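Student: Give the three-dimensional model of this entry:
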Amino acid sequence: MKRMAMIAASALLLGRGLAAQDTTQAAAPAAAAPQVTVVEAVVARSVVDRQPQDTGATFPVDVGQLNCWTKVEGAGGSSIHHVWFHGDTQVGDVELQVAGSPWRTWSRKTVPTDWTGAWHVEVRDAAGGVLKRIDFTVGQ
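Tutor: Here you go, the predicted structure:
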């Protein structure tokens, strides 16, 4: 009986010795992308002292240029994009670095006099996700 117990214990130990052991470290979870929130976003004729001026949804044909002004939270150390569209055609993509939270930033787009009609700007996170869309019209 004692011999059978020793054989069983030896087999158990031998079986453990032959078993593969996982010695790899558990993979660290990927760093979560910052949770970016658009607090405010507008299209304006100008920006003065980091504040948008003459905001609106309709602008005259001779506006010359427009600004997309955005205030975001949660994107410190990251970037956002202002993607400009005339109709359904993308006409600009401006990457803007965000150094803190909250953070105000803006981009400028020249508007040719013959580019009338529907426009929009998409505020996107660094991964390309649309956070906000601002629709406006030029010359109508």
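
Student: going forward, measure contacts and count neighbours with C-alpha atoms only.
Tutor: OK.

Student: Distance of the most centrally placed residue in the chain relative to residue 117?
Tutor: Geometric centre of the chain, nearest residue: residue 125, 1.1 Å, by C-alpha atoms, centre = their mean. Distance of residue 125 to residue 117, given as C-alpha to C-alpha, to the nearest Å: 27 Å.

Student: before we move on, what about residue 111?
Tutor: Computed as C-alpha to C-alpha, the residue 111 to residue 117 distance reads 11 Å.

Student: Residue 124 belongs to a helix, doesn't it?
Tutor: No - counting by DSSP: H, G, I helix; E, B strand; the rest coil, residue 124 falls outside a helix, being strand.

Student: Numbering from 118 from now on, please.
Tutor: Sounds good: first residue 118 from here, last item residue 241.

Student: what's across from it in the sheet?
Tutor: Note on residue 241: beta-bridge partners by DSSP bridges are residue 198, residue 247.

Student: tell me the contacts of it?
Tutor: 197, 198, 199, 200, 247, 248, 249 (C-alpha atoms under 8 Å, 6 or more residues apart in numbering).

Student: Only whichever of the residues you listed are buried, select them in ChimeraX.
Tutor: ChimeraX command restricting the contacts of residue 241 to the buried ones, with burial defined by 16 or more other C-alpha atoms under 10 Å:
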select :197,198,199,200,249
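
Student: so what does the biggest strand by length in the chain touch, helix or strand wise?
Tutor: The longest strand of the chain (DSSP state E) is strand 154-165. If contacts are counted by 3 or more C-alpha pairs under 8 Å, 6 or more residues apart in numbering; DSSP states H and E, strand 154-165 sits against strand 168-172, strand 181-190, strand 247-255.

Student: ok, 6 Å please
Tutor: If you count contacts as 3 or more C-alpha pairs under 6 Å, 6 or more residues apart in numbering; DSSP states H and E, strand 154-165 packs onto strand 168-172, strand 181-190.

Student: quick one: average pLDDT of that strand?
Tutor: Here strand 154-165 scores 96 as its mean pLDDT.

Student: What score does residue 191 have for pLDDT?
Tutor: Confidence score, pLDDT, at residue 191: 88.
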